[in-house]
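> predicted model and sequence below, questions to follow.
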Amino acid sequence: MSPKVSKEHLQQRRADILEAAKRVFIQYGYEAATMKHVMEEAGVSRGGLYQYFSNKEDLYETILKENLSEVSDKTKRSLDEKTASYWDLLLLRVFGEDKQPNDEMDPLAPSNLEFFITGRNDERRRKYGQQRYRKGLKVYADVIEAGQKSGEFSSQYDSKVLARTIISFIDGLALDHAILPEEDVQLKDQSTMLLEYLKMTLNVE
C-alpha cells in the first residue's frame, strides 16, 4: 500500500510547480516553453506534473487566474474595510507596492502577450481573455467608483472608462517593452504621464 499523502503536501507541491512554471515562462516565453522545461525546473516526474495540469495552456491559465484572483480579493477586502485612501489603493493596483512609477515591468508580461495574441483565433482562449479583461476592469473601476462616491475623486468621468484607459495604457507599455529597446520605451517617464493623467481626471492633488 502506498503511503497517504497529506492535503497540505499536495497543495504545497502544486504551489511549487506553479512557481517553477513562472520561472520557465519568464525565461522562455509562452510559445517556446514546454511542459518538459517545467518538469525539470520543478524537479517532478511527468506523472507528477500532469496530476495537476493537463497541458501547458491549462498551466498558464492557472497562473493568470490565481494572480488576478489574489489582486481582486485583496482589493475587495480593502474596499469592504473602507480604506483610508482610495488614491493610495489605486496607486497600489497600478504601480505595485512602491505606488510610484518605475522602470520595472511585470516579468510575465511578454508571455501574457504571447498567450493571448497567439490564441486570438482560438475560441476558448479568446473567451477566457474576455473574462479576464472584465475581471481586471472591475478591479480598477471598483476602486475609482468607491473614491468617487466618497468624494475623494471627481465624478466627471465614468469609472469604467477610466479603468479601460488604465488597462489600455498598461497593455500598450507591455507590448512596447516586449519588442523595443528599453531606452525607446522610457517606462518610468511614460508611467509618470499616466500618474499625472489620473491626478487630472480624478482631481487629486
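The structure has been received and is ready for your questions.

> any low-confidence regions in the chain?
For the chain, applying pLDDT under 70 flags the ranges 1-5.

> list the buried residues for the top helix by length along the chain?
In the chain, with assignment by DSSP state H, the single longest helix is helix 123-150. By neighbour count with 16 or more other CB atoms under 10 Å, helix 123-150 contains the buried residues 125, 128-129, 132, 136-148. (Each C-beta comes from the backbone N, C-alpha and C, glycine too.)

> cool, stretch 39-57 as well?
Under the neighbour-count criterion of 16+ other CB under 10 Å, stretch 39-57 has 39, 41-42, 44, 49, 53, 56-57 buried.

> just the ones of those residues in helices?
Counting by DSSP H, those place 39, 41-42, 49, 56-57 in helices.

> what packs against the longest helix of the chain?
Using 3 or more CB pairs under 8 Å, 6 or more residues apart in numbering; DSSP states H and E, the elements in contact with helix 123-150 are helix 56-80, helix 86-95, helix 109-118, helix 159-179.

> pick the most buried one from these.
helix 86-95 (a mean of 20; mean count of other CB atoms under 10 Å).

> helices or strands next to that one in the packing?
Partner elements for helix 86-95 (3+ CB pairs under 8 Å, 6+ apart): helix 56-80, helix 123-150, helix 187-202.

> quick one: which of the ones you listed is nearest G29?
helix 56-80 (11.0 Å; CB to CB).

> and the closest one with helix 123-150, angle?
Angle, helix 56-80 to helix 123-150, by axes from the mean of the first three to the mean of the last three CA atoms, to 10 degrees: 10 degrees.

> make 455 the starting number, not 1.
Understood, numbering begins at 455; the last thing we discussed is helix 510-534.

> what does helix 510-534 rub up against?
With contacts defined as CB atoms under 8 Å, 6 or more residues apart in numbering, helix 510-534 is touched by 472, 475-476, 479, 484, 487-489, 492, 507, 543, 547, 562, 565-566, 569, 573, 579, 582, 586, 589-590, 592-593, 596-597, 600.

> give me the domain ranges for the chain.
455-507, 514-656 (automatic domain parsing).

> what's the span of the last one from first residue to last?
Yep, that's domain 514-656 we're talking about. 35 Å (CA to CA, to the nearest Å).

> kindly report the same for stretch 571-579.
This stretch, stretch 571-579, spans 10 Å end to end (CA to CA).

> specify the local secondary structure of S608.
Under DSSP: H, G, I helix; E, B strand; the rest coil, the three-state class of S608 is coil.

> residues in contact with it?
Listed by CB under 8 Å, 6+ apart, the contact set of S608 reads 602, 655-657.
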